[in-house]
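1. Provided below for reference: sequence and predicted model.
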2 protein chains.
Amino acid sequence: MERRSFLKKAGAGIAAGAAVGLAACGKTEQQQAAPAAPAAPAVQTGLPSIQWRMTSSFPKSIDTLYGSAELLTNRLREITGGKFDIRVFPAGEIVPGLQALDAVQQGTVEMCHSCSYYYVGKDKTFAFGTAVPFGLNARQMDAWIIGGGGQELLDEFYSAYNVYSFLGGNTGVQMGGWYRKQINTLEDIKGLKIRIAGIGGEILSRMGAIPQQIAGSDIYPSLEKGTIDAAEWVAPYDDEKLGFYKVAPYYYSPGWWEPGPVVHFYVNKAEWDKLPKEFQAAFRAASREAHIQMTAMYDHKNPQALARLLAQGVKLQNFSTDIMKKAYEVSRELYAEEAAKNPAWAKIYGEFETYRKSQNAWFSVAEAGFDRFMQSVR
Amino acid sequence: MERRSFLKKAGAGIAAGAAVGLAACGKTEQQQAAPAAPAAPAVQTGLPSIQWRMTSSFPKSIDTLYGSAELLTNRLREITGGKFDIRVFPAGEIVPGLQALDAVQQGTVEMCHSCSYYYVGKDKTFAFGTAVPFGLNARQMDAWIIGGGGQELLDEFYSAYNVYSFLGGNTGVQMGGWYRKQINTLEDIKGLKIRIAGIGGEILSRMGAIPQQIAGSDIYPSLEKGTIDAAEWVAPYDDEKLGFYKVAPYYYSPGWWEPGPVVHFYVNKAEWDKLPKEFQAAFRAASREAHIQMTAMYDHKNPQALARLLAQGVKLQNFSTDIMKKAYEVSRELYAEEAAKNPAWAKIYGEFETYRKSQNAWFSVAEAGFDRFMQSVR
């Protein structure tokens, strides 16, 4: 009964929530003055107790990633006095890590914490939600998704998969991985056996590398034995734990295939629509807290880990301009080909590219000018 | 007083309907506001209706800054079914913009939305919460405050002022302002009448400039008449509205005195401590949402505004390396002097500097490497 009245309000709740959120940054006073959705009389008998399961695509050992899901669920319990109770499961415990989205789509679990680009096998368009090579950095992804219409474009695409998406973290630019030997020229890419997945792997493949897909736990022995020549993982804090530096000392930068990877909370549409609007609002706020927490904690931990790695003799290297430029060119070819055959990709790609250029025109001014100076005087 | 009369009314009206919202969360102990509502048990045991006033240091016209306070309050009303109801007042309506913190300290209002560096007249240490010249950028401020112990250091300092602080936005690196003539050498700084406040103004003063403190509305006529030679404000989106480009076409970058200015929500300690823990949790989450919203909206709007300004003939300039280096040196002198005489400053400064160096060592690798390349190919 009370749940039914929540159901009725749910549709309006979503719209009202979105309107209020955006109105706060709207241009006109009228928009700004948009009142909060009025309280619902039907709730007089109290909000329901709701228990959800969230399957994570990450193991607990990747604590910064995994931890942001726990932050969301802890905060929601605090806000609702324990009534909105989401239990987090590590990858593989109830659903394999790379099938998290499918489980939400099918309603096996109510939600997941995952990266959209794990699902490029279904449709390359999934990459835009997390990261496309040579795409947007972390702040630019926020600007695009929150302010630039990205959320709407992504949700339109995701709607075929029966999910809503919410920002749920960002690692910042990742590193370019660990290499047993130096990679100086385009020739050195040819025949390189490198552990890398997704579109980044496709680009490297077109450049002559031989991408390998290997589970995290198998990377170290493969590098040690020389079964592979290189492997990409995340960035100093996570990479350090797996000890790659002991067997592949050249640590390349930047991870141009993961410039500002967004992690998402995906929620089953029907389950979301059933939530009281109070819980929806709490989820919107707490998921943003989890989102920023992840980046802040990576930014806090990576410098310390990098210093420790350098003290271990790790050799920090930059990809040469030749390699960067070639990879960029190949990415443009690949994206144009995809646009020609995939309307979903084409629709987002056009707007994404325009946005990227505009963003970089601005970020090259004050942000880059300041950072460059500060990096020169440290 | 006002709050009390609201609470009385709440018993009769608003709360009876809105109570609803989190009535079900009513695990909390009986709160002071629980009205005697005869026929509604859920209300009896529910959370109180709480009405707060937030005074902003900003006018409504600076909509991205002002709007993030509205986002917080709208979201809190949604989450609590209208029970936690904070009304935002623009600067000057109930409290002058630069006295917002004092009003919270004294309990005139429960909270404010302000920048800590407005209060450096009380103690220079206030600058660390928002921005010190040549300090941390926006992501680094998040890392320091969320992960690096910054929140604890700041709260220890703020405790003498009877407030708790919460992240409430960041503009990103600001611009270096509008100049009637080009500023090429250190000589050009001498005698420069520039509208700038705070520590940035002190540094420029030591370099020979004559800092001016002028209200926002007086800047344009002062620049037009030549009463001042230059003025700093925010960044393209806000600057454009005031039309400075018409009278001072040289637009300098970066605003090294405001590298990642954090806006804060300050809450009166006693009022915070009286909140039900559900409302505290909701506030923590929603304030983070407001925090990220501000940066995302600035990052979204600034590129478009910059493009419009350039189309108007604005001449984008970088401060010369000589000027940047001298300003940096002067900042180090000033900070060391302050550390020698102000233990509160000294305590934070030491940790802040160590953190800054570590952060820039890491940001110079993947983030800068990626951004530099993307800015070269746009």
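-> Alright, I've got the coordinates.
2. from the centroid of chain A, which residue is nearest?
-> What sits nearest the mean C-alpha location of chain A, by Cα atoms, centre = their mean, is A:Val262, with 1.9 Å.
3. quick one, grab the pLDDT at that residue.
-> For A:Val262, the pLDDT comes out at 98.
4. now it: how far from A:Ser287?
-> Counting by Cβ to Cβ, to the nearest Å, the gap from A:Val262 to A:Ser287 is 12 Å. In this view, the C-beta of every residue, glycine as well, is placed from N, C-alpha and C.
5. between those two, what contacts are shared?
-> Applying Cβ atoms under 8 Å, 6 or more residues apart in numbering or on different chains, one finds that A:Val262 and A:Ser287 are jointly contacted by A:167-168.
6. so what's the residue count around the closest residue to A:Ser49 other than its chain neighbours?
-> Take A:Ser49 and drop its neighbours on the chain: the residue closest to it by Cβ to Cβ, 6 or more residues apart in numbering or on different chains is A:Lys83, 4.9 Å away. A:Lys83: 24 surrounding residues under other Cβ atoms under 10 Å in any protein chain shown.
7. equivalent analysis for the one 10 residues further on, please.
-> Taking other Cβ under 10 Å as the neighbour definition, A:Glu93 ends up with a count of 13.
8. equivalent analysis for A:Ser114, please.
-> A:Ser114 has 31 neighbouring residues, counting by other Cβ under 10 Å.
9. so what's it bridging to?
-> A:His264 (DSSP bridges).
10. right, and it touches A:Val263 too?
-> Yes - assessed by Cβ atoms under 8 Å, A:Ser114 is found in contact with A:Val263 at 7.2 Å.
11. point me to the residue of the stretch 101-250 of chain A nearest chain B.
-> The stretch 101-250 of chain A approaches chain B most closely through A:Gly147 (3.0 Å), counting by Cβ to the nearest Cβ.
12. right, I mislabeled it, should have said the stretch 201-350 of chain A
-> Counting by Cβ to the nearest Cβ, the stretch 201-350 of chain A gets nearest chain B through A:His300, at 3.0 Å.
13. what helix or strand is that residue on?
-> helix A:277-311 (DSSP states H and E).
14. pretty sure the residue nearest to A:Ser49 sits against A:Trp52.
-> No - when contacts are counted by Cβ under 8 Å, A:Lys83 is not listed as touching A:Trp52 (11.5 Å).
15. what is the burial count for the residue lying closest to A:Cys115 once chain neighbours are set aside?
-> Excluding the flanking residues, the one nearest A:Cys115 by Cβ to Cβ, 6+ apart is A:Thr130, at 4.3 Å. For A:Thr130, the neighbour count with other Cβ under 10 Å is 24.
16. pLDDT wise, what is A:Thr130 at?
-> pLDDT, A:Thr130: 97.
17. I'd say it and A:Ser116 touch.
-> Yes - A:Thr130 lies in contact with A:Ser116 (Cβ under 8 Å); the separation is 4.5 Å.
18. joint contacts of these two?
-> In the contact map built from Cβ under 8 Å, 6+ apart, the residues linked to both A:Thr130 and A:Ser116 are A:262, A:264.
19. how near is the residue nearest to A:Cys115 to A:Lys341?
-> For A:Thr130, the distance to A:Lys341 equals 22 Å [Cβ to Cβ].
20. residues contacting A:Lys241?
-> A:Ser61.
21. ok so, going back, what's near enough to touch the residue of the stretch 101-250 of chain A closest to chain B?
-> A:25, B:296-297, B:299-301 are the contacts of A:Gly147 under Cβ under 8 Å, 6+ apart.
22. strands along the stretch 1-150 of chain A, start to end?
-> Applying DSSP state E, counting those that start in this stretch to the stretch 1-150 of chain A gives strands spanning A:50-56, A:84-89, A:111-114.
23. which of those strands sits most buried?
-> Among those, strand A:111-114 has the highest mean neighbour count (mean count of other Cβ atoms under 10 Å in any protein chain shown), at a mean of 30.
24. what about it, distance to the chain center?
-> Distance of strand A:111-114 from its chain centroid, counting by Cα atoms, centre = their mean, to the nearest Å, is 11 Å.
25. output the below-cut-off pLDDT ranges for chain A.
-> For chain A, the stretches with pLDDT under 70 are A:1-45.
26. which parts of the stretch 51-200 of chain A sit against chain B?
-> Applying Cβ under 8 Å from any Cβ of the partner chain, we find that the stretch 51-200 of chain A lies next to chain B at A:75, A:78-83, A:134, A:137-140, A:142-148, A:172-176.
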